[in-house]
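Visitor: Coordinates for the following, if possible.
(one chain, ligands or ions: 1)
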Amino acid sequence: MDTNNNFFNPAFDGLVPSSTLFINEAVNQLWQQGEQAFHMGFGESRFDVHPRLQKSLSDSANKKSYLPARGLPALIDSVASYYTSKLGRPFSSSQVLIGPGSKSLIYGLQMVMGADLFLPTPSWVSYAPQAHLLGNKVSYIPSKVEDNYKLDLKALDTLINASDNPCKLLVINSPNNPSGEVMSDESLQQLATYCRAKNIWVLSDEIYSQVCHGGIEHRSISRYYPEGTFVFGGLSKHLSIGGWRLGVALFPDSELGKQLLQKMVVFASETWSGVSAPIQYAAIAAYQEHDDIEQYVVDCCAIHGVRTRYIRDALLGMGVRCSSAQGGFYIAANFDQYRSGLSHLGISTSADLARHLLAEYHIATLPGSDFGIPEKTQTLRLSTSYLDMETEFDSQRIFDLYNRGLGSKTLMTIDKHPATHGALAAFAKFMNSIN
Ligand SMILES: Cc1ncc(COP(=O)(O)O)c(C=O)c1O
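Guide: Sure, this is the predicted structure:
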């Protein structure tokens, strides 16, 4: 084999494996070496698989045949009813597509549309690399830390006017990964009016919609802009079953929406064929709004809220500027006001900062630059879902303590959350070093 020839697709130039997966491996390596590591780098809800879903999966073990590329009809029907109930507007089965996680579905939509992509800053790590793989143009909409990263319509408008691609796709993600911000009803309505006027499609990534804990309820922009919105979701976050790889997409109920869905079915049929049959049969129960599952989701969400707020309050107390974290299990923490202390340590980018925290304090985080934030802005994404829930035993312990009615103060004491306290103590040391 002639190794001098560059036989790789140039679309991969500059791309590396997703940073979230990379940091997870780095932490696992530290753990394997017997080192302590505070894992705030990976956003994975750690709770157990709900017993009803476990049973549903074992009952489906004999489902062995290929299923339709669009998805199992009974699952599609349940998804349409579920979203009709949750989002307060009608969805029909003909609008639904099932895929192996919403990540693959988002990639598929980007592929079939070939749109210019507009991303809020910050945005989840995978939208932009997917667009790069497909040769689609990406524009990040600048935002301000002081405004809690609010989507700036004027800044969006400037970018939209500069695009000559007739097909434009804006991504919104509420609750947001990495900031945990939830978009208000008013801002969704304003955005809907703007997108309608400018003919912009909206990819509404609602994967964290069932994990709102900061007092603002999740609302979907599809309520105000049904003809231009694609709603994406799945089971990974609120039910803690990312490994099941089941995602859903709901297309606009229009001629164009139907055509796009058909093209996605072509893509599905030529790539993944169909999501694993036992998983699809088992997932029906997840979309039937059973009281026990609904209550479980509420409890898990409340625990994420207590833990996230505890960490956020402690960091605020140390002088770290934090996003409001109203949903999901993330905090965007900004250290810009400590630039001079950071530069004494040779830290000039958020990636330097993340490396320093991992090397010196064994705190794993992700740099804001992975989320489209300019690299000199000293923002990190902190994930709160792993600490003290590293093992199944630990996550069950936290869940049981919460269900015994422990108030948030007692739940967060050092004996119950030792790793969280350890991470915060390490942060306090680091803050001393840059103050
Ligand atoms: C914002 C966001 N969207 C989509 C995904 C993809 O989720 P999945 O492919 O498991 O459905 C994730 C996973 O981390 C995410 O954080």
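Visitor: Tell me the pLDDT of residue 304.
Guide: Per-residue confidence (pLDDT) for residue 304: 97.
Visitor: what does the stretch 101-250 of the chain put close to the ligand?
Guide: Within reach of the ligand by C-beta under 6 Å from any ligand atom, the stretch 101-250 of the chain has these residues: 101-103, 124, 173, 177, 205, 207, 234, 236, 242, 247. No exception for glycine: its C-beta is placed from N, CA and C like everyone else's.
Visitor: Which of the residues you listed fall within strands?
Guide: Among these, DSSP state E puts 173, 205, 234, 247 in strands.
Visitor: Surely residue 119 is in a strand?
Guide: Yes - secondary structure of residue 119 (DSSP: H, G, I helix; E, B strand; the rest coil): part of a strand.
Visitor: Can you pull out the residues in contact with stretch 141-160?
Guide: In this structure, residues lying in contact with stretch 141-160 by C-beta atoms under 8 Å, 6 or more residues apart in numbering are 118-122, 139, 168, 170, 172, 176, 179, 181, 183, 187, 190-191, 194, 198, 200, 321, 323-324, 332, 334, 336, 377, 379.
Visitor: which ones among the residues you listed are found in helices?
Guide: 187, 190-191, 194, 198 (DSSP state H).
Visitor: If I look at whichever residue of the stretch 101-250 of the chain sits closest to the ligand, what pLDDT would I see?
Guide: Closest to the ligand within the stretch 101-250 of the chain is residue 101: 2.9 Å, counting by C-beta to the nearest ligand atom. On pLDDT, residue 101 comes in at 98.
Visitor: Would you list the phi and psi of it?
Guide: phi 90, psi 150 (degrees, to the nearest 10).
Visitor: Then residue 164?
Guide: Here residue 164 shows phi and psi, under degrees, to the nearest 10, equal to phi -100, psi 10.
Visitor: Over to residue 382?
Guide: Torsion angles at residue 382 (phi, psi; degrees, to the nearest 10) stand at phi -110, psi 130.
Visitor: hang on, it packs against residue 42?
Guide: No - using C-beta atoms under 8 Å, residue 382 is not in contact with residue 42, being 11.0 Å away.
Visitor: neighbour count winner among those two?
Guide: Between residue 382 and residue 42, counted using other C-beta atoms under 10 Å, the more crowded position is residue 382 (31 against 19).
Visitor: I'd like to know how far the more buried one sits from residue 39.
Guide: 10 Å (C-beta to C-beta, to the nearest Å).
Visitor: If you count contacts, what does the helix or strand of the chain with the lowest mean pLDDT end up packed against?
Guide: Lowest by mean pLDDT, DSSP states H and E among the helices and strands of the chain is helix 19-32, with a mean of 81. Contacts defined by 3 or more C-beta pairs under 8 Å, 6 or more residues apart in numbering; DSSP states H and E place helix 19-32 against strand 363-364, strand 366-367.
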